[in-house]
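J.: Provided below for reference: sequence and predicted model.
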Amino acid sequence: MQAGALSPTMGIVGTVFGLVNVMNNLNQPSTLGPLIAAAFLATLIGVGSANVVFLPIANRLKELSEAEMHFREMTLEGVLAIQAGDNPRVVSEKLMAYVPPSERPTEEEQEAAKAAAKQAA
């Protein structure tokens, strides 16, 4: 996140240095165009790298971190419920609260899982 916040600032710093270089070469008008272009290119690179590279990576890492925390909370809740001696159905219901409704198994899938568990036992 810090790289995304700092890269535009670094681009502006590069632009300022480039414009100082332009000021040093005011007596050579033929070199001013490329020098000004180089100065503003620093800003473009700074803003572009922030918006195209650093901020998307930071956002993705934040999403992954939140998903991992969600998983760890769910795991801890399950372990504590088992340790407390809760009924397995109660544990299942507690943990199912962590699963988004769109991802929860249907009644048929739950019955099939129960039947498979009985056969395995």
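T.: Sure, I can see it. Quantities reported herein were computed from a predicted structural model and do not represent experimental measurements.

J.: just confirm P8 contacts F54, I think it does.
T.: No. Counting by C-beta atoms under 8 Å, P8 does not reach F54; the two are 9.9 Å apart. All C-beta spots, glycine's among them, are computed from the backbone N, C-alpha and C.

J.: what sits against the residue of the chain most remote from its centre?
T.: Centroid-distance maximum for the chain: N27 at 49.0 Å, with C-alpha atoms, centre = their mean. Counting by C-beta atoms under 8 Å, 6 or more residues apart in numbering, N27 touches no other residue.

J.: outside of the worst-scoring helix or strand of the chain on mean pLDDT, which residues touch it?
T.: When each helix and strand of the chain is scored by mean pLDDT, DSSP states H and E, helix 107-120 comes last, with a mean of 85. With C-beta under 8 Å, 6+ apart as the test, helix 107-120 has contacts from P105.

J.: hey, C-alpha coordinates of that helix in CSV?
T.: Provided in CSV are the C-alpha atoms of helix 107-120 (Å, rounded to 0.1, in the frame of the first residue of the first chain):
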residue,chain,number,x,y,z
GLU,A,107,-30.0,-30.3,1.2
GLU,A,108,-29.3,-33.0,-1.4
GLU,A,109,-25.6,-32.5,-1.2
GLN,A,110,-25.7,-32.7,2.6
GLU,A,111,-27.7,-35.9,2.5
ALA,A,112,-25.2,-37.4,0.0
ALA,A,113,-22.3,-36.4,2.3
LYS,A,114,-24.0,-38.1,5.2
ALA,A,115,-24.7,-41.3,3.2
ALA,A,116,-21.1,-41.4,2.1
ALA,A,117,-19.9,-40.9,5.7
LYS,A,118,-22.1,-43.8,6.9
GLN,A,119,-20.7,-46.1,4.1
ALA,A,120,-17.2,-45.2,5.1
